[in-house]
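**Q** Fold the following for me, if possible:
(one chain, ligands or ions: 1)
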Amino acid sequence: MKENCSHQTDCLKMIQLILDGEATDQQLAKLKINLESCQPCIRMYHLEKEVKELLTKRMEKRCCPEELVATIKSRILSFT
Ligand SMILES: [Zn+2]
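**A** Here you go, the predicted structure:
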């Protein structure tokens, strides 16, 4: 298991695509391999997923999520 990701920007992009449901099968397969070997990307994936779920819940309540996003983004930054 790697402790550092040398391709974190790409990984994050891919994770966001997947969580948006816009990733191709090829990207999905690539990320799956990644998540089995890349510790920071696993954390990032779960954080992004959490963000997305929270945002979805907020949107249902018609709240402004800006503050929430700022909070979570700072949490993500503290991981890197
Ligand atoms: Zn990675």
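
**Q** Closest to the centroid, which residue in the chain?
**A** Most central in the chain under CA atoms, centre = their mean is E48, positioned 2.9 Å from the mean C-alpha point.

**Q** Just to check, K49 is in contact with L19?
**A** Yes: assessed by CB atoms under 8 Å, K49 is found in contact with L19 at 6.1 Å. Glycine gets a C-beta too; all of them are placed from N, C-alpha and C.

**Q** quick one on the thing from earlier: right, and the residue nearest to the centre of the chain touches K13 too?
**A** No: using CB under 8 Å, E48 is not in contact with K13, being 10.7 Å away.

**Q** Other residues contacting stretch 46-53?
**A** Contact with stretch 46-53 is made by 12, 15-16, 19, 69, 72, 75-76, 79, as judged by CB atoms under 8 Å, 6 or more residues apart in numbering.

**Q** mind running it again at 10 Å?
**A** With CB atoms under 10 Å, 6 or more residues apart in numbering as the test, stretch 46-53 has contacts from 12, 15-16, 18-20, 35, 65, 68-69, 71-73, 75-76, 79.

**Q** And stretch 31-42, by the same measure?
**A** For stretch 31-42, the surrounding residues in contact (CB under 10 Å, 6+ apart) are 1-8, 10-12, 14-15, 17-18, 23, 44-46, 79-80.

**Q** Filtering those by proximity to the ion, which remain?
**A** Contacts with the ion are made by 5, 11 out of these, judged by CB under 5 Å from the ion.

**Q** Please indicate which of the contacts of stretch 31-42 are buried?
**A** 5, 11-12, 14-15, 18, 23, 44-45 (16 or more other CB atoms under 10 Å).

**Q** Now for these: which two are most distant?
**A** Greatest spatial distance among the buried ones among the contacts of stretch 31-42 (CB to CB): C5 and A23, at 17.9 Å.

**Q** Before we move on, what's the pLDDT of A29?
**A** With respect to pLDDT, A29 scores 90.

**Q** Show me the contacts of stretch 31-42 that map onto helices.
**A** The members of the contacts of stretch 31-42 that map onto helices under DSSP state H are 8, 10-12, 14-15, 17-18, 44-46, 79.
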